[in-house]
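[1] After the sequence you'll find the predicted model.
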Amino acid sequence: MNKQASAKKIGQMIFQVRSHVEGFNKSVQHCAVHILWHAMTYGDYDQASVLVDSLGNSVRASNLVKWFTEFGGLTVKGKGFKGWQGKEFIAENFEKAKATNWWDMEKPVNPYAGYNINTEVAKLLKRHATITKKVVGMTKEDQEKVETHINEGMIHALINLIKFETIATDSFNVPPSPIDLELKAEFDKLKTA
């Protein structure tokens, strides 16, 4: 097989993959809509968790969870749906559910974007601020799912990530403050522990 024939074969395979993905997404959508109809009609939403779990690791199942939560009023607890807002909620949102593709619920991640720790930390801080504001209006059950404090192990990991030595040193020809020296001493103790 020459280069041109090989490239043509790969093109056909990519077309086949794209067709399968589109068909797969539509099959999941059809099944999800039917699960909502079933829940609305019979009060049984158990198959929603089964569908999400069946997606495995290769598909963004979080999109489907968000779709069920937004349009079906299902509530998540642990690994699965453990409650719902009732048939009326589904009835009010059923047409929107049919019109909204589950795979479009969250912006897709750019696989070529690379990685920038500063961008990721900024996103985390922004999300933390948003969640902290929302927690006040949440039910007690939902508040129990939110952890806003960083545990000691994570603090140590973050200190290692930051490479504290670079912060506490004379990088701007400014001598370290007493607090910087104290923190550096604490950091040095952690490294030897």
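    Right, received. Where do you want to start? Numbering: from 1, shown residues only.
[2] Could you tell me whether Lys82 really is in a helix?
    No: per DSSP: H, G, I helix; E, B strand; the rest coil, Lys82 lies outside any helix segment and is strand.
[3] what's the residue closest to the geometric middle of the chain?
    For the chain, Ser62 is the residue whose C-alpha lies nearest the centre (C-alpha atoms, centre = their mean; 6.2 Å).
[4] Once you drop chain neighbours, what's closest to it?
    Glu106 (6.6 Å; C-beta to C-beta, 6 or more residues apart in numbering). Any C-beta I mention is one placed from the backbone N, CA and C, and that applies to glycine too.
[5] okay, that neighbour: pLDDT?
    As summarised for this prediction, Glu106 has a pLDDT of 83.
[6] swap in Thr169?
    According to the prediction, Thr169 has pLDDT 52.
[7] Let me know the helix or strand that Ala5 is in.
    Using DSSP states H and E, Ala5 maps to helix 3-42.
[8] Run through the strands of this structure in chain order.
    74-76, 81-84 (DSSP state E).
[9] Quick check: which of the ones you listed is buried the most?
    Highest mean neighbour count among the strands of the chain (mean count of other C-beta atoms under 10 Å): strand 74-76, with a mean of 19.
[10] I figured Met138 hits Glu144, correct?
    No: Met138 is beyond contact range of Glu144, at 9.2 Å (criterion: C-beta atoms under 8 Å).
[11] the more surrounded of the two?
    Regarding Met138 and Glu144, a neighbour count based on other C-beta atoms under 10 Å identifies Met138 as having more, with 13 against 10.
[12] which ones are touching the closest residue to that one other than its chain neighbours?
    Leaving aside its chain neighbours, Met138 sits nearest to Val146 (7.2 Å; criterion: C-beta to C-beta, 6+ apart). The neighbours of Val146, taking C-beta atoms under 8 Å, 6 or more residues apart in numbering as the test, are Ile131, Val135, Met138.
[13] Give me the distance between the last one and Ile131.
    Relative to Ile131, Met138 is positioned 9 Å away (C-beta to C-beta, to the nearest Å).
[14] Run a quick neighbour tally on Val50.
    12.
[15] heads up, I number from 42, so please use that
    Renumbered: residue one is now 42, and that last one reads Val91.
[16] low-scoring stretches of this protein, by residue?
    Along the chain, the parts satisfying pLDDT under 70 run over 99, 152, 204-218, 220-221, 228, 231-234.
[17] quick check: domain ranges of it?
    Using automatic domain parsing, the domain parsing of the chain gives 44-149, 193-233.
[18] Can you say which of the ones you listed is nearest to Arg168?
    For Arg168, the closest of those is domain 44-149, at 13.1 Å, according to C-beta to C-beta.
[19] about what we covered before: the strands of the chain into TSV, with extra columns for distance to Met42?
    Output for the strands of the chain, formatted as TSV (distance: least, C-beta to C-beta, whole Å):
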stretch	distance to Met42
strand 115-117	49
strand 122-125	49
